[in-house]
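> just coords:
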């Protein structure tokens, strides 16, 4: 429970620092560019995304992001439990 409070506090501090900024990381930039085809589209997209602040995450940023994702998944599963699997679904899994 203490780790969840720590994560919530860290997330609150982070969002207050970057609330007025739109940031992009290398992984997000790469994924976006991979979704477009053709050099013209790519060049236009690179130009448009160049106005965003570039965030270079470090190792601890990735660890913290994973912790946030785990916390978020736990919150979602608590507030919206999965529906039971039908017999057709169960037979497809087995």
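The structure has been received and is ready for your questions. Remember, predicted model here, so these are calculated numbers, not experimental data.
> lowest average confidence, helix or strand, in the chain?
helix 87-93 (a mean of 52; mean pLDDT, DSSP states H and E).
> show me where this structure has its helices.
Assigned by DSSP state H, the chain shows helices spanning 2-17, 26-34, 39-49, 59-79, 87-93.
> in terms of mean pLDDT, which of those ranks lowest?
With a mean of 52, helix 87-93 has the lowest mean pLDDT of those.
> I figured residue 46 was touching residue 32, is that so?
No - the pair residue 46 / residue 32 is not scored as a contact, 9.6 Å apart, by CB atoms under 8 Å. To be clear about C-beta, it is placed using only N, CA and C from the backbone, and glycine gets the same treatment.
> need phi/psi at residue 51.
phi -80, psi -20 (degrees, to the nearest 10).
> so who does it touch?
Applying CB atoms under 8 Å, 6 or more residues apart in numbering, we find residue 51 in contact with no residue.
> any idea how far residue 30 is from residue 57?
13 Å (CB to CB, to the nearest Å).
> who has more neighbours, the two?
residue 57 (14 against 10; other CB atoms under 10 Å).
> pretty sure that one is touching residue 63, no?
No - using CB under 8 Å, residue 57 makes no contact with residue 63, being 9.9 Å away.
> look up how far residue 20 lies from the closest residue to residue 21 other than its chain neighbours.
Closest residue to residue 21 apart from its sequence neighbours, by CB to CB, 6 or more residues apart in numbering: residue 53 at 5.5 Å. According to CB to CB, residue 53 and residue 20 sit 11 Å apart.
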